[in-house]
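Q: no sequence on hand, only this structure:
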């Protein structure tokens, strides 16, 4: 596969897959994305390590060391929390410390080695926050030294997908979910405000339906919204089927009209 000088590549990193697409004119997909399957990482190896190594090798093999990379992280490489609004926090530094402490309280000392980021705070609203292994971010930055490629952006697939599709989600009460191989991330929204956000692992991209109802129930129990878990529409993006199942009218797939291919290929574009 040949690319122009200084190509822009869209890259999705998953626990055992690498998805790469070339960005053409006006940011559109130039060719179908390429999917590289990887062996599962060993128990003592960080889940992200094999896929970053595979990315470096892929760039070398195709002599694309000068590429610019837009990277999207699969749900297995990101930890999410929805944090209650804390009106007593008076500065960005206090908010950052609070978010870091909440991740440590939930995930233990491992959170000390994660970079924690959060959405722009809105007074009175819960705050979506995520954590990414600092070593993963450092290794992506090191691609500049090891192969010459430049990472120009890194974002969780879930947040990129929501930014892309938020205008299509019901403005009253709705679920927004991202289906990926091995993980389902689901959020509950009302009038643009998050009331729940969780991820759950599952066996395969085809098995995401199995944990959906239980995940909805967990989020509903933790929220203050008065609705049955199945009452609101569920908007989905990602690697599941796009066919509208008439037996499940509440499930609505959000799919681009053209240009990025089916299923997992969309992950290279964050949608």
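A: Yep, that arrived. Fair warning: this is a prediction, and the values are worked out from it, not measured in the lab.

Q: for the closest residue to residue 14 other than its chain neighbours, give me phi and psi.
A: Spatially, and ignoring its direct neighbours in sequence, residue 14 is nearest to residue 74 (3.8 Å; C-beta to C-beta, 6 or more residues apart in numbering). Heads up, the C-betas are built off the backbone N, CA and C, glycines and all. When read as degrees, to the nearest 10, the backbone of residue 74 gives phi -70, psi 160.

Q: what bits of the stretch 151-271 of the chain have low per-residue confidence?
A: Residues of the stretch 151-271 of the chain meeting the criterion pLDDT under 70: 204-206, 227-230, 240-247, 258-259, 261-262.

Q: how near is the residue nearest to residue 14 to residue 40?
A: Separation of residue 74 from residue 40 (C-beta to C-beta, to the nearest Å) stands at 14 Å.

Q: so what sits against both of the two?
A: residue 15 (C-beta atoms under 8 Å, 6 or more residues apart in numbering).

Q: between the two, who's got more neighbours?
A: residue 74 (28 against 10; other C-beta atoms under 10 Å).

Q: wait, isn't that one in contact with residue 158?
A: No: at 9.1 Å, residue 74 does not count as touching residue 158 under the criterion of C-beta atoms under 8 Å.

Q: need the nearest residue in space to the most centrally placed residue in the chain, chain neighbours excluded.
A: With distances taken as C-alpha atoms, centre = their mean, residue 157 lies nearest the centre of the chain, 2.4 Å away. The shortest distance from residue 157 to any non-neighbouring residue, by C-beta to C-beta, 6+ apart, is to residue 72 (4.6 Å).

Q: let me see the contact set for the one you found.
A: By C-beta under 8 Å, 6+ apart, the neighbours of residue 72 are 10-13, 154-157, 160, 267-270.

Q: ditto for residue 126
A: 82, 83, 84, 85, 193, 194, 195.

Q: now do residue 192
A: Residues in contact with residue 192 (C-beta under 8 Å, 6+ apart) are residue 171.

Q: cutoff 6 Å now
A: For residue 192, the contact set (C-beta atoms under 6 Å, 6 or more residues apart in numbering) is empty.

Q: what does it show for phi and psi?
A: The phi/psi pair for residue 192 (degrees, to the nearest 10) is phi 80, psi 0.

Q: please renumber the chain so that the first residue is 44 from this point on.
A: I'll keep to 44 as the first residue from here, and by that count the last item is residue 235.

Q: which stretches in the stretch 194-314 of the chain count as strands?
A: 216-223, 226-233, 236-244, 277-281, 294-296 (DSSP state E, counting those that start in this stretch).

Q: from the contact counts, what lies against the fourth one?
A: By that I understand strand 277-281. strand 216-223, strand 294-296 (3 or more C-beta pairs under 6 Å, 6 or more residues apart in numbering; DSSP states H and E).

Q: thinking again about what came up before, inside helices: which ones of the contacts of residue 115?
A: Among the contacts of residue 115, DSSP state H puts 200, 203 in helices.

Q: buried sites along stretch 227-236?
A: 227, 228, 229, 230, 231, 232, 233 (16 or more other C-beta atoms under 10 Å).

Q: next one: the spatially closest residue to the fifth one that is not a sequence neighbour from residue 167, what distance?
A: Pointing back at residue 231 there. Leaving aside its sequence neighbours, residue 231 sits nearest to residue 239 (C-beta to C-beta, 6+ apart; 3.9 Å). According to C-beta to C-beta, residue 239 stands 17 Å off from residue 167.

Q: give me every residue that touches residue 109.
A: 49, 191.

Q: got the phi and psi for it?
A: phi -90, psi 10.

Q: quick one: it from residue 162, how far?
A: Per C-beta to C-beta, residue 109 is found 33 Å from residue 162.

Q: so which of the contacts of residue 115 is the closest to residue 149?
A: Nearest to residue 149 among these, counting by C-beta to C-beta, is residue 199 at 17.0 Å.

Q: still on that earlier bit, kindly reformat the helices and strands packed on strand 277-281 as TSV containing mean neighbour count and distance to residue 182.
A: Supplementary listing: these in TSV, determined by neighbours: other C-beta atoms under 10 Å; distance: least, C-beta to C-beta, whole Å:
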stretch	mean neighbour count	distance to residue 182
strand 216-223	24	21
strand 294-296	17	34
